[in-house]
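Asker: Task: produce atomic coordinates for the following.
(chains A and B)
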Amino acid sequence: MVARYLRRNWAYLVFLAAVGVTGCLVQNAYYFQVLTFIGINTLLALGLNLLMGYAGQISLGHAAFYGIGAYTTAILTTTWGLSPGLALPCALAIAALVALVVGLPTLKLSGYYLGMGTLGFGMIVHIFLREWTEVTGGASGFIGIPPLTLGPIVFTDDRAYFYLVWATVLLSFILTHRLIRSRVGRALRSIHDSEHAARAVGVDTQRLKLQVFIFSAILAALGGFFYAHLVNFISPDSFNFLVSVRMVTMVVIGGMASVWGALLGASLLTLLPEWLHTFSDFEMVVYGLILMLVMILMPQGLTRGILDAYERSRKNSR
Amino acid sequence: MQELLQYLFSGITNGAIYAVIAVGFAVLFNATELINFAHGEFVMLGALGMVTLYSSLQLPLTLAFLLTTVGVSCVGFLFERFAIRTVKRPEPIVLVIITVGASIFLRGVGMLGWGKDAFSVDPFSTHPPFSIAGAHLLPQSLWILVIVLGAVVGLHLFFNRSLTGKAMLACAISRRAAWLVGIPTGRMVQLAFVLSAAMGAVAGIIIAPVTMCSYDMGTLLGLKGFCAAMLGGLGSLWGGVLGGFLLGVLEALGVGFLSSSLKDAIAFVLLLLILYVRPAGLLGARKVQRF
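Answerer: Residues are numbered from 1 along each chain as shown, chains lettered A, B, ... in the order given. Next up, the predicted model:
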């Protein structure tokens, strides 16, 4: 019984151990911040991975939900003085509501048109955040967001915040994994392969696509909530079109339709700019080149690419 | 009335620029069914090319125009050769990410080459502004209109009269069938990239005197040109032109009568409206499905 449980869930246990050990070993505040950012980006990539990899729908405007999550909690906790514990469900609910309203007409589109519709939505939300100065603080940003408190616990310590974010990541992983293995997950993959065929065997594709869209929006808003309380200052430019594109890039580089791909892609795209700081002015050129090279050499994403390379090397050595 | 005319003038000027960017998208989409997110960077390179050749080196206008267009076309050619054609399994999403990578790369190149400052370029002629019914019309606006119309009519003739143009259209309709009748489809795709980059360069060249040119000017211009292309119908030449002018005029009227802070939102609201009401665009016919 125990052995079977271990065999099935070894990946989570390794993950849990890795997070625990990392949290104990790391001392530097900067490293904690980078690691926490990886966790937040993993949440973003995870939702989008489900939408793109399993349901086969692209979104080029997901930074909007990230921004909605961050700005909702910022306004509720700072302007209205609510506790973050209360602001969290509000932020998620508003993101879900917006996703429902936007998704209803937008998800009727497919292919490039869906990409463009979500792109337009993302741009509109970004402009809205930038221009609605009285409420959002406008282009200069929103300052003074309080640190996260949940009940009696105050997460001002870097280590505590790191554990909180990564525990959430682990929970979302388990949730997503179970979702993929369920009837819903199979139905989703059938949409990815052929929407007509899925409809023919009785899958309510429209409803299912909308549900996944809302689920990914909620995960993005959760990421935004953590982001706002981590950095205590947000500005519209953290949620613009380029951020949406970066989220899509995380999914594609990590590998679509793979929960661990989301983690890999998020880690890489969070760490890459940190490493590239040493290149100073050449940062953008190198970043663009790496992006192109990975896609040219491993169009299936890194997860698949590395596995393929491993299998090839094993074949050659035999 | 005078105000309205003034808004219309500025709308038509901007619209012409959106139109030529949209046409660049259309030319490429027709031949390859690819949306190039680096297209805005071609516009940026065109404008910055003029900064160097026309403003700094003081070359004659025609020479600077030609050299910039040829230079940016070469960038388009190299982009196709090294980034697009080397992909083994060209799935649309992979190609889109590659163009995103290229756009970041080109923006980085622009920053390295020209720095982070914004430049201005002298107008093409020093004629004082025309006054029509109390509204002012800059001579540069006339330059822009004439050059854009020339470029689009030229493309129209190329696609409808020349053998190469017809071969490219055949590629757009069915690449496989075109290949079967002996059209070198690979070279047609290459030509589409070159033409599309040239259109981007032209947009950058003519916009240079009416805006500030910097390495990060391309992204928003590219996206708006893209909205214009969708508005008119993706892949349609005249649809792109119509969409561009429509977007320019509506944007100018929106700035004049509603609010200038929401200027940038107008393009994207129009994009969503057209997607919900008529996804094929005003002049588009066929439905495109990728991903």
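
Asker: When you work out contacts or count neighbours from here on, use the C-alpha atoms and nothing else.
Answerer: Fine.

Asker: residue ranges with poor pLDDT in chain B?
Answerer: In the predicted model, chain B carries pLDDT under 70 at residues B:284-291.

Asker: who in it is up against chain A?
Answerer: Contact residues (Cα under 8 Å from any Cα of the partner chain) of chain B with chain A: B:83, B:86-89, B:94, B:97-109, B:111-112, B:261-262, B:264-265, B:268-269, B:271-272, B:275-276, B:279, B:288-291.

Asker: Could you give the number of residues near A:Leu179?
Answerer: When neighbours are defined as other Cα atoms under 10 Å in any protein chain shown, A:Leu179 has 15 of them.

Asker: one step back: now list the buried members of the residues of chain B next to chain A.
Answerer: With burial judged by 16 or more other Cα atoms under 10 Å in any protein chain shown, the buried subset of the residues of chain B next to chain A is B:83, B:87, B:94, B:97-109, B:111, B:262, B:264-265, B:268-269, B:271-272, B:275-276, B:279, B:291.

Asker: Counting only helices, which of these make the cut?
Answerer: Those of those mapping onto helices are B:94, B:97-109, B:111, B:264-265, B:268-269, B:271-272, B:275-276, per DSSP state H.

Asker: CA atoms only: put stretch B:211-225 into CSV for me.
Answerer: Only the C-alpha atoms of stretch B:211-225 are listed here, as CSV (Å, rounded to 0.1, in the frame of the first residue of the first chain):
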residue,chain,number,x,y,z
THR,B,211,7.4,61.0,-34.8
MET,B,212,10.3,60.4,-32.4
CYS,B,213,12.4,57.4,-33.6
SER,B,214,13.8,55.1,-31.0
TYR,B,215,14.6,51.4,-30.6
ASP,B,216,11.3,50.6,-28.9
MET,B,217,8.9,52.4,-31.3
GLY,B,218,8.1,49.2,-33.3
THR,B,219,6.1,47.1,-30.9
LEU,B,220,3.0,49.2,-30.6
LEU,B,221,3.1,50.3,-34.3
GLY,B,222,3.3,46.6,-35.3
LEU,B,223,0.4,45.6,-33.1
LYS,B,224,-1.8,48.5,-34.4
GLY,B,225,-0.8,47.6,-38.0
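
Asker: Tell me the buried residues in that stretch?
Answerer: For stretch B:211-225, by 16+ other Cα under 10 Å, it's B:Cys213, B:Ser214, B:Tyr215, B:Asp216, B:Met217, B:Gly218, B:Thr219, B:Leu221, B:Gly222, B:Leu223, B:Lys224, B:Gly225.

Asker: residues touching the third one, list them.
Answerer: In this case it means B:Tyr215. B:Met44, B:Leu45, B:Leu48, B:Arg107, B:Gly108, B:Gly110, B:Met111, B:Trp114, B:Gly115, B:Lys116, B:Ala118 (Cα atoms under 8 Å, 6 or more residues apart in numbering or on different chains).

Asker: can stretch A:99-109 be found next to chain B?
Answerer: Yes. Shown here: stretch A:99-109 in contact with chain B (Cα under 8 Å from any Cα) through A:Pro105, A:Thr106, A:Leu109.

Asker: which parts of that stretch are buried?
Answerer: Those would be A:Ala99, A:Leu100, A:Val102, A:Gly103, A:Leu104, A:Thr106, A:Leu107, A:Leu109, for stretch A:99-109 by 16+ other Cα under 10 Å.

Asker: List the contacts of the fifth one.
Answerer: If a contact means Cα under 8 Å, 6+ apart, then A:Leu104 has A:Leu210 as its contacts.

Asker: In three-state terms, label it for me.
Answerer: Put simply, A:Leu104 is helix when judged by DSSP: H, G, I helix; E, B strand; the rest coil.

Asker: for the stretch 201-318 of chain A, what are the low-confidence residue spans?
Answerer: Ranges of the stretch 201-318 of chain A meeting pLDDT under 70: A:318.

Asker: Around chain B, pick out the residues from it.
Answerer: Residues of the stretch 201-318 of chain A lying near chain B (Cα under 8 Å from any Cα): A:245, A:249, A:252, A:281-292, A:295-297, A:299.

Asker: Weed out the non-buried ones from these.
Answerer: For those, buried by 16+ other Cα under 10 Å: A:245, A:249, A:252, A:282-292, A:295-296, A:299.

Asker: Take those residues and keep only those in helices.
Answerer: Per DSSP H, those map to helices at A:245, A:249, A:252, A:283-292, A:295-296.

Asker: if I look at the nearest residue to B:Ala118 once chain neighbours are set aside, how far off is A:Ile68?
Answerer: In space, and not counting its chain neighbours, B:Ala118 is closest to B:Ser214: 4.5 Å by Cα to Cα, 6 or more residues apart in numbering or on different chains. Note on B:Ser214: its distance to A:Ile68, by Cα to Cα, to the nearest Å, is 30 Å.

Asker: Pop out the phi and psi values for residue 86.
Answerer: I went with chain A, as the question did not name one. The phi and psi values for A:Leu86, taken as degrees, to the nearest 10, are phi -80, psi -30.

Asker: Please refer instead to chain B.
Answerer: phi -80, psi -10.

Asker: Give me the distance between it and B:Ile35.
Answerer: Where B:Ile35 is concerned, B:Thr86 sits at a distance of 17 Å (Cα to Cα).

Asker: Also A:Ala139?
Answerer: A:Ala139 is 30 Å from B:Ile35, by Cα to Cα.

Asker: can you list the residues that contact the helix or strand harbouring A:Leu44?
Answerer: Counting by DSSP states H and E, the element that carries A:Leu44 is helix A:29-49. For helix A:29-49, the surrounding residues in contact (Cα under 8 Å, 6+ apart) are A:26, A:59, A:62, A:66, A:158-159, A:161-162, A:165-166, A:169, A:172-173, A:215-217, A:219-220, A:222-224, A:226-227, A:247-248, A:250-251, A:256-259, A:262-263, A:265-267, A:270-271.

Asker: by contact count, what packs against the lengthiest helix in chain B?
Answerer: Ranked by number of residues, the top helix in chain B under DSSP H is helix B:2-32. Judged by 3 or more Cα pairs under 8 Å, 6 or more residues apart in numbering or on different chains; DSSP states H and E, the packing partners of helix B:2-32 are helix B:39-50, strand B:135-137, helix B:139-161, helix B:163-173, helix B:185-207, helix B:218-232, helix B:237-257.

Asker: The same query, at a cut-off of 7 Å, please.
Answerer: Using 3 or more Cα pairs under 7 Å, 6 or more residues apart in numbering or on different chains; DSSP states H and E, the elements in contact with helix B:2-32 are strand B:135-137, helix B:139-161, helix B:163-173, helix B:185-207, helix B:218-232, helix B:237-257.

Asker: roughly how far is it from the heart of the chain?
Answerer: 8 Å (Cα atoms, centre = their mean, to the nearest Å).
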